[in-house]
Structures are given as C-alpha cells and as structure tokens.
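**Student:** Here is the input, now give the coordinates:
(one chain, ligands or ions: 1)
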Amino acid sequence: MVLPTDYALAVENLTVSFDGFKAVDAVSLYVDKGELRVVIGPNGAGKTTLLDLICGKTRPTSGSIQFLNRELSSMAEQKIVRNGVGRKFQTPSIYPKLTVFENLEVSFPKGRGVWGSLFFSRSEEVKSRILEVAKEIYLDEDLDTEAEILSHGQKQWLEIGMLLIANPQLILLDEPVAGMSVSERKKTAELLRRISQGRSVVVIEHDMNFVREIADKVTVMHQGKVLAEGSMDKVENDEKVIEVYLGH
Ligand SMILES: Nc1ncnc2c1ncn2[C@@H]1O[C@H](COP(=O)(O)OP(=O)(O)OP(=O)(O)O)[C@@H](O)[C@H]1O
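**Tutor:** Below you'll find the model as predicted:
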C-alpha cells in the first residue's frame, strides 16, 4: 500500500522496462511544493523517460507516482493534465499561424467555468488570464504577433505560457533553454524561479551554469538510476558524478 505523503510529488521505486532494458530503474524522487528540481545526467540516463512516466505518456512497469496524494501511474494522460500536471517537450508545439493571444486562448482549459455563468464574464476571465500570463512570459507587447515570427526563445516562453494558462501545480520542462541567447537564458531563469513559487517544477537541463542559477536541488541520473541528489555544490563535488558526467 502506498502511504500518503507531505511531498507534492512522490515517485517511488519507479521502473520501466523496454524489452527487458530498464530505461528507468527503481527511481525514487520527492519534490516539495515551491521547489524547482533539476534532473541532470549523461545522454540515455533516463531523464526524458522519467518525465514521460510522470505525465502518463509512458506507463511504468512497476512503482508509484503520487502527485498531491493522487496516484498517476494508472491515470489517463488527459486526466493527469486535468489533475494539474503540465509538460513541455523539447520541440515547441505552438500554433505558428495563430497570434500569441490566440495560442494562449486555445490553451485555456475548457469547461472550467460554472455552467450558467454569463458568456461575457467567461470571456473576460479568459482575457484577463491571457494578459496576466503574457506579462509573465515577456510577451505582453506581442499579443497580436503571429507565433511563427517570434524568436526561438520567445516561442519557448509562449509554450511555457500555454501551460501556465491552466495554472498547473506541477510543471515538467525538457531542456527549456536549448538554443537560447544569453539574455533569453537569463530571462528564462527569472521566469522559472518565479513560476516555481507556490507550485513544483521539474526541469531536465544540461547547461551547468543554468542549473546552478535555477536549481533548489539537483538529481543526477545515470543508467536509469539516481546516482546522486542534493544541492548543486554537493552534487558537483560528488566523485561518482564527476566520473560519469561532469568530468566529460
Ligand atoms: N520507447 C522506448 N523503447 C525502447 N527504448 C527506449 C524507449 N524510450 C527510451 N528508450 C531508451 O531508454 C534510454 C533512456 O532514454 P532517455 O531519452 O530517457 O534518456 P535521457 O537521459 O533523456 O537522454 P538525453 O539527455 O539524450 O535526452 C535510452 O537508451 C533510450 O534509447
């Protein structure tokens, strides 16, 4: 039996095996509300697969994933989204021909308003949420811009905004600053620090300077397992971590 936990996210003994190969192998991981956790590790360590398991894209072979004390491991992917988990993949999935406003609008969760509420107040609610999110992601002056002409970094922010619009309590991000300029990275660090307040954020990242800037705690994965965990200072001085990852 899985016991209730005080952690927002409690992953326990999680394993997925693909034709006998354990891409994630007995991983346990606990993330607090308000925490920004970064997962690092060499290629093929199982980082992306771990996020796929949490968001329901891949089903575990065994183990448990509790989020706010609800078991996610057997929940349908859409239901996991409705339970407050937002995932951003490496490649942006914005609608290029729609404007920034429209991209945020189509991401607003449907059917959340109370039945019988006036259509007017519903659309005002949507609009004010869009403006709030656009400001958070530095795109409030680009609301009428077609998404395809945004810079690479702005597209990544828009996609984060498309998650934020539903106010998820857990956000999963796969390499959010890949390909970004130095100034975009800095603004993304600020954005991620800000959005982790009051919710939980798990980020996969390779850029160690960026990890140092954003992480509350770092989990190092290697060959499907957790190799080390703790503050950035602790993991970067860990001999095992230096040997398999940082020393390369
Ligand atoms: N659906 C699948 N079927 C078979 N093998 C898979 C599947 N998904 C992932 N793998 C394997 O699992 C291992 C872990 O992959 P994963 O993408 O999770 O690593 P990663 O740590 O995210 O690496 P990277 O930093 O390169 O993105 C790899 O060896 C990969 O080939």
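**Student:** what's the longest helix in the protein?
**Tutor:** helix 119-136 (DSSP state H).
**Student:** Show me what that helix packs onto, helices and strands only.
**Tutor:** helix 100-107, helix 152-164, helix 182-195 (3 or more C-beta pairs under 8 Å, 6 or more residues apart in numbering; DSSP states H and E). Where C-beta positions appear, they are placed from N, C-alpha and C, glycine not excepted.
**Student:** and the ones you listed as CSV, adding distance to the ligand, mean pLDDT and mean neighbour count?
**Tutor:** Converted to CSV, these look like this (distance: least, C-beta to the nearest ligand atom, whole Å; pLDDT from 0 to 100; neighbours: other C-beta atoms under 10 Å):
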stretch, distance to the ligand, mean pLDDT, mean neighbour count
helix 100-107, 25, 94, 20
helix 152-164, 17, 95, 22
helix 182-195, 18, 96, 16
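**Student:** if I pick residue 5, what's in contact with it?
**Tutor:** Taking C-beta atoms under 8 Å, 6 or more residues apart in numbering as the contact definition, residue 5 lies against 30, 66, 69.
**Student:** Can you tell me the element it falls in?
**Tutor:** Counting by DSSP states H and E, no helix or strand carries residue 5.
**Student:** how much space between it and the ligand?
**Tutor:** Residue 5 sits 25 Å away from the ligand, going by C-beta to the nearest ligand atom, to the nearest Å.
**Student:** and that residue, what pLDDT?
**Tutor:** If you check residue 5, the pLDDT there is 70.
**Student:** quick one, helices of the protein?
**Tutor:** Counting by DSSP H, the helices of the chain are 47-54, 77-82, 100-107, 119-136, 152-164, 182-195, 208-214, 232-236, 239-241.
**Student:** okay, the fourth one in PDB with CA atoms only?
**Tutor:** Taking only C-alpha atoms (Å, rounded to 0.1, in the frame of the first residue of the first chain), the coordinates of helix 119-136 have been written out as PDB:
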ATOM      1  CA  PHE A 119     -20.700  34.200 -21.600                       C
ATOM      2  CA  PHE A 120     -19.400  37.800 -21.200                       C
ATOM      3  CA  SER A 121     -17.900  37.200 -17.800                       C
ATOM      4  CA  ARG A 122     -16.400  34.000 -19.000                       C
ATOM      5  CA  SER A 123     -14.600  35.600 -21.900                       C
ATOM      6  CA  GLU A 124     -13.400  38.500 -19.600                       C
ATOM      7  CA  GLU A 125     -12.000  35.900 -17.300                       C
ATOM      8  CA  VAL A 126     -10.100  34.200 -20.200                       C
ATOM      9  CA  LYS A 127      -8.900  37.600 -21.500                       C
ATOM     10  CA  SER A 128      -7.500  38.800 -18.100                       C
ATOM     11  CA  ARG A 129      -5.800  35.400 -17.600                       C
ATOM     12  CA  ILE A 130      -4.200  35.700 -21.000                       C
ATOM     13  CA  LEU A 131      -2.900  39.200 -20.300                       C
ATOM     14  CA  GLU A 132      -1.600  38.100 -16.900                       C
ATOM     15  CA  VAL A 133       0.300  35.100 -18.400                       C
ATOM     16  CA  ALA A 134       1.500  37.100 -21.400                       C
ATOM     17  CA  LYS A 135       3.200  39.500 -19.000                       C
ATOM     18  CA  GLU A 136       4.800  36.700 -17.100                       C
END
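**Student:** just the contacts of residue 5 that are near the ligand?
**Tutor:** For the ligand, no contacts are drawn from these by C-beta under 6 Å from any ligand atom.
**Student:** Of all the residues in the worst-scoring helix or strand of the chain on mean pLDDT, which ones are buried?
**Tutor:** Taking mean pLDDT, DSSP states H and E as the measure, the helix or strand of the chain with the lowest value is helix 119-136, at a mean of 85. Residues of helix 119-136 classed as buried by neighbour count (16 or more other C-beta atoms under 10 Å): 126, 129-130, 133-134, 136.
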